[in-house]
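# pasting the sequence and the predicted model now:
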Amino acid sequence: MRASKILDRSRGTISANVFLVPFSNLLRAACACGIVFVAGCSKPEDGDGLADIDSRPYEEILEEVETDLPAGDYMTNDFLPEFGEVVEFPPLAEKQTLRLGMPWILNDQFAAVYVAIEKGYFDEVGIELELRSGGPGIDHLKTLSSGFLDLATTSHGKNVILVENSATPMGLMAIAAFQKDNPYAIMALDFDVPQDQVTEKKITPYDMVGKKLGVGVDDRKYPPFLARKLGLPEDFVKVQNTGNAQFILQSRVIDFRGVWIQNEPRYLERQGIRNWTHFMLKDYGWNQYCDVVVVTKQFAEENSDLLKRFCYALSRGVEDWLNDPEEAVDITVGFMEDGDLDPVLVKRRFELERAQVVGTDGTAPLQMTEKRWNELAAILVQYGITEAPSHKKQ
């Protein structure tokens, strides 16, 4: 049976070609196998200011990264087709199952996967795709190394670098990136216009001087990055850990908030709040790939043809996601475990996310450059998020 009917809610059946494994089932199964999940791959941070910054010039750190932690060791475009290319694969003797760990519970993140499933692209290349939900406390890079998955999707490309530059690298290989630009934004509300009106006000990091910024615990390095980048005082903005608290800007407890651009604005707009404004972190030099598909090097070496088939099906899903977002919305809604999302919210996400999927690195969708990976690694070293790669030689 083709994957056009993935989940029939009226009968509770699941297509033979796709398995949707909920977060709760994944957690129970993992615990039974003795797998321990961690909240993230980030190195614990001792400080959030400039004191723990590597004092060397960025160019010197980048040169070290290119020598001792080159991106070519943990990323490749070799499995991706030319975008829009038609590829004919010889039939397989039997369908091959691939288990893909999704970045979160099945919502509208990385929806091109759903499009490729629903339109039969994986089926056509002989792949039976099993989706494994993510969720709180699940790090699919860890489950990947345990053999519980064949492929994993990590929301932040930096996680690949942090793992591979750690004392216990796992031999990871990034093979595609759905979001080719960093979606992280600093957002504010313009209280000089009615909340139901779109503001024309533009903001920059300089507008944050003396104000309060709410961020997640993993985002506290962004203010010192901006401070050093722009020559601002270390304490130019008061940073507070607000986690994922929505609508906190309206209360004026904080003045600015760090968000993913495709998320917070659409929820504000659903409440009739349209006077939001923002600037993108990537525009000040911190760019990274997000929603990155990762495998182990061993799996890549042993399953090259299978990964080429997977990437071809995925690229067709991304192409359709870009060309027909209305269809992509309809397909995505049928997959989601997140009941808070509706077609209007999903469509708005796709509109806000499109620029990140197209990207600015000069390559086609899903493709990556060693240059951007190396630049990100140098930033992570410079701001004490990971150690200098030369430490592994000592």
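Received, thanks.
# which residues in the stretch 151-300 of the chain form helices?
158-164, 222-230, 264-270, 297-302 (DSSP state H, counting those that start in this stretch).
# mean confidence for the longest one?
Helix 222-230 shows an average pLDDT of 96 in the prediction.
# quick one: secondary structure of residue 99?
Following DSSP: H, G, I helix; E, B strand; the rest coil, we place residue 99 in the strand state.
# what about it, neighbour count?
By other C-beta atoms under 10 Å, 19 other residues sit near residue 99. C-beta: built from backbone N, CA, C; applies to glycine.
# right, and it touches residue 147 too?
No: with contact defined as C-beta atoms under 8 Å, residue 99 does not reach residue 147; the gap is 9.8 Å.
# most tightly packed of the helices of the stretch 151-300 of the chain?
Of all the helices of the stretch 151-300 of the chain, helix 158-164 carries the top mean neighbour count, a mean of 25, counting by mean count of other C-beta atoms under 10 Å.
# now what about that helix, what contacts it?
40-43, 69, 73-75, 139, 141, 154, 169-172, 174, 288, 292, 294, 373, 376-377, 380, 385-386 (C-beta atoms under 8 Å, 6 or more residues apart in numbering).
# now the residues you listed: which count as buried?
40-42, 69, 73-75, 139, 141, 154, 170-172, 174, 288, 292, 294, 373, 376-377, 380, 385-386 (16 or more other C-beta atoms under 10 Å).
# from residue 163, how far off is residue 304?
22 Å (C-beta to C-beta, to the nearest Å).
# tell me how the protein divides into domains.
The chain resolves into domains spanning 7-181+288-393, 184-284 when parsed by automatic domain parsing.
# of these, which shows the lowest average pLDDT?
domain 7-181+288-393 (a mean of 86).
# residue 133 contacts residue 103, correct?
No: taking contacts as C-beta under 8 Å, residue 133 lies outside contact range of residue 103: 9.6 Å.
# closest one to residue 112 among the helices of the stretch 151-300 of the chain?
Nearest to residue 112 among those is helix 264-270; the distance by C-beta to C-beta comes to 18.3 Å.
# how close does residue 272 get to residue 192?
Separation of residue 272 from residue 192 (C-beta to C-beta): 17 Å.
# scratch that, residue 342 is what I was asking about
The value you get for residue 342 to residue 192, if C-beta to C-beta is used, is 31 Å.
# what's the longest helix in this structure?
Looking across the chain with DSSP state H, the single longest helix is helix 304-323.
# elements contacting that one?
strand 96-101, helix 112-118, helix 121-124, strand 127-132, strand 172-179, helix 325-333, helix 343-358 (3 or more C-beta pairs under 8 Å, 6 or more residues apart in numbering; DSSP states H and E).
# rebuild these as a markdown table, extending it with distance to residue 319.
Shown next, in a markdown table, are the helices and strands packed on helix 304-323 (distance: least, C-beta to C-beta, whole Å):
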| stretch | distance to residue 319 |
| --- | --- |
| strand 96-101 | 19 |
| helix 112-118 | 9 |
| helix 121-124 | 10 |
| strand 127-132 | 17 |
| strand 172-179 | 12 |
| helix 325-333 | 11 |
| helix 343-358 | 11 |
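# buried ones in the longest helix of the chain?
By 16+ other C-beta under 10 Å, the buried positions in helix 304-323 come out as 306-322.
# now swap in stretch 228-237 and tell me
By neighbour count with 16+ other C-beta under 10 Å, stretch 228-237 contains the buried residues 232, 236, 237.
# show me what contacts the first one?
Contacts were defined as C-beta under 8 Å, 6+ apart; by that measure residue 232 touches 205, 206, 209, 226.
# and residue 176, by the same measure?
79, 80, 292, 293, 311, 314, 366, 367, 368.
# who has more neighbours out of residue 342 and residue 192?
Under the criterion of other C-beta under 10 Å, the comparison of residue 342 against residue 192 puts residue 342 first, with 12 against 8.
# now the residue of the chain most remote from its centre, what's its secondary structure?
Checked against the mean C-alpha position of the chain, the extreme residue using C-alpha atoms, centre = their mean is residue 93, at a distance of 34.3 Å. What three-state DSSP gives for residue 93 is coil.
# if I look at it, how far off is residue 126?
In terms of C-beta to C-beta, residue 93 sits 9 Å off from residue 126.
# what's the neighbour count on residue 181?
24.
# can you give me phi and psi for it?
phi -130, psi 150 (degrees, to the nearest 10).
# so what's the residue lying closest to it once chain neighbours are set aside up against?
Excluding its sequence neighbours, the residue lying closest to residue 181 (C-beta to C-beta, 6 or more residues apart in numbering) is residue 356, at 4.6 Å. The contact partners of residue 356, taken as C-beta under 8 Å, 6+ apart, are 179, 180, 181, 182, 183, 261, 262, 290.
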